[in-house]
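# Pasted the sequence and its predicted model underneath.
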Amino acid sequence: MTPEEQAAIAYLRKPQAIRDRTHQLFDLCQADQLDHFACDLSKLGVVAQYVVETTQQLYPDFDVPFHSRWRHFGPRLSPLLVPRPAPGELPPQTAPTAKIEAARSQLDLAIISVLLDAGAGSQWQYQDFATNQTLGRSEGLAVASLRAFEQGFFSTDPTLLNQVDAAALQYLTEADLAQAFQVSEENPLVGLPGRLRLLQQLGTALATQPERFGANPARPGNLLNYLTERYGQTLDAGILLTEVIESFGSIWPGRVALADTNLGDVWSHPAFTDQGPGTTLVPFHKLSQWLTYSLVEPLTAAGITISNLDALTGLAEYRNGGLCVDLGLLVPKHSEVMGQPHLPGSPIVVEWRALTVVMLDKIGDCVRQLLNKSSEELPLIKVLEGGTWAAGRRIAKQLRPTGVPPIAIQSDGTVF
């Protein structure tokens, strides 16, 4: 690996690279030099107002929690799986060792559940027999992964059900995963083989990185030890994202690679000219950022302060992106954009996602102005939760009975 390649890889793993490259495409959009999208900033106020209305419906006092996987589990978590922000809130009989073990279990659950959280498709549903609820999409995937976790599906130790270990993941079969997620011909889950490969490759990543994940067993939750030893009790959110990408980068299916290094959710765009390693690439790291957001609460519960949360970007996925299209902030330039499904690496999807990232920052600023709140009071992680993701789902349901996004993506179960 040349020094230039090494520097390019390090850069593309930082949230600043996401903002830099997406803003470059936004500048081209403003100059009418993109092929597939225009941007109508006059609609920004309309979108922000819609987000505020949605937030008020969900959180009338505007006390918005963080955007993370924990919101999807709802009240179903057992007490020791609930991330508690203050150590003093744990039961008096809970020893420090037990508190740390609870945090490891929380990390195990968050990591496995987020990695299984790519779009499920509109047909799949999960019947939660414990609550007699039928759930679809992200909530369904969350509860399905929670129930599997509680039953020891991801553990090889019958005495420690609430853990994820490398061996259990490596031995998973498609039939196992289909059973856990109630998949059948009548209840198809988009990208089931892709999800299985992701989990198996996660098992390999855990087993081959003992410095991060320990051994006997190697667990995702052992990242807690690694992060504490390396960074102490304060950790910048941007650095946490980079650590997440480096820890799990090898699990993603073969996409763009640089010097034989898999870059993950990073895609090329033809508007960029090749001026050296990585210069044509646009990073998004959607699932890695969703995972980073979802690690904040358990790490905080374990005594680590996560600083600089606004270093992370909005998530480049179909709910946030759909909101921008459905309310006219992003304007397709031709009928093909909405007329047929697209692969994640197509220039249409790359443009859509890039512009969405930029718009989310702008929407966040407008929402804070409407509510007279500072970025400390309402960081982007809360704007997303309150927020743009829910608003994207709401407007999709208003415009299309099935609630599908305005642009269709051919998902393999590992991107969105």
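Here it is on my side, so go on.
# going forward, measure contacts and count neighbours with C-alpha atoms only.
Will do.
# remind me which residues of the stretch 251-400 of the chain are low pLDDT?
254 (pLDDT under 70).
# Can you show me the strands along it?
In the stretch 251-400 of the chain, strands defined by DSSP state E, counting those that start in this stretch lie at 257-258, 261-262, 266-268, 281-283, 305-307, 330-332, listed in chain order.
# I'd like to know which of those lies nearest to Thr414.
strand 266-268 (12.6 Å; C-alpha to C-alpha).
# Could you list the paired strands of the closest one along with their orientation?
Strand pairing for strand 266-268, determined by DSSP bridges: strand 281-283 (antiparallel).
# what's next to the strand it pairs with, contact-wise?
For strand 281-283, contacts defined as C-alpha atoms under 8 Å, 6 or more residues apart in numbering pick out 12-13, 17-18, 21-22, 265-269, 272, 350, 354.
# With stretch 40-53 instead?
So stretch 40-53 is contacted by 323-324, 327-331, 362-364, 366-367, 370, 386-388, 391 (C-alpha under 8 Å, 6+ apart).
# Buried ones among those residues?
323-324, 327-331, 363-364, 366-367, 386-388, 391 (16 or more other C-alpha atoms under 10 Å).
# From the chain's centroid, how far away is stretch 29-40?
Remark: stretch 29-40 is offset 27 Å from the chain centroid, using C-alpha atoms, centre = their mean, to the nearest Å.
# end to end, how far does it reach?
10 Å (C-alpha to C-alpha, to the nearest Å).
# taking the buried ones among the contacts of stretch 40-53 one by one, which sit in helices?
323-324, 363-364, 366-367, 391 (DSSP state H).
# Pick the one among those closest to Tyr293.
Of these, the one sitting nearest to Tyr293 (C-alpha to C-alpha) turns out to be Gly364, at 16.5 Å.
# Which residues outside stretch 68-80 are in contact with it?
102, 110, 113-114, 138-139, 142-143, 146, 290-291, 293-294, 385.
# Alpha carbons only: can I get it in PDB?
Included here for stretch 68-80 are C-alpha records, laid out as PDB according to Å, rounded to 0.1, in the frame of the first residue of the first chain:
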ATOM      1  CA  SER A  68     -30.800   4.700  17.500                       C
ATOM      2  CA  ARG A  69     -31.700   1.100  17.300                       C
ATOM      3  CA  TRP A  70     -32.900   1.200  20.900                       C
ATOM      4  CA  ARG A  71     -36.000   3.200  19.900                       C
ATOM      5  CA  HIS A  72     -37.200   0.200  17.900                       C
ATOM      6  CA  PHE A  73     -37.000  -2.300  20.800                       C
ATOM      7  CA  GLY A  74     -39.500  -0.200  22.800                       C
ATOM      8  CA  PRO A  75     -40.500  -1.600  26.200                       C
ATOM      9  CA  ARG A  76     -39.600  -5.100  25.300                       C
ATOM     10  CA  LEU A  77     -36.100  -5.100  26.800                       C
ATOM     11  CA  SER A  78     -35.300  -6.900  30.000                       C
ATOM     12  CA  PRO A  79     -33.900  -4.500  32.700                       C
ATOM     13  CA  LEU A  80     -30.300  -5.400  32.200                       C
END
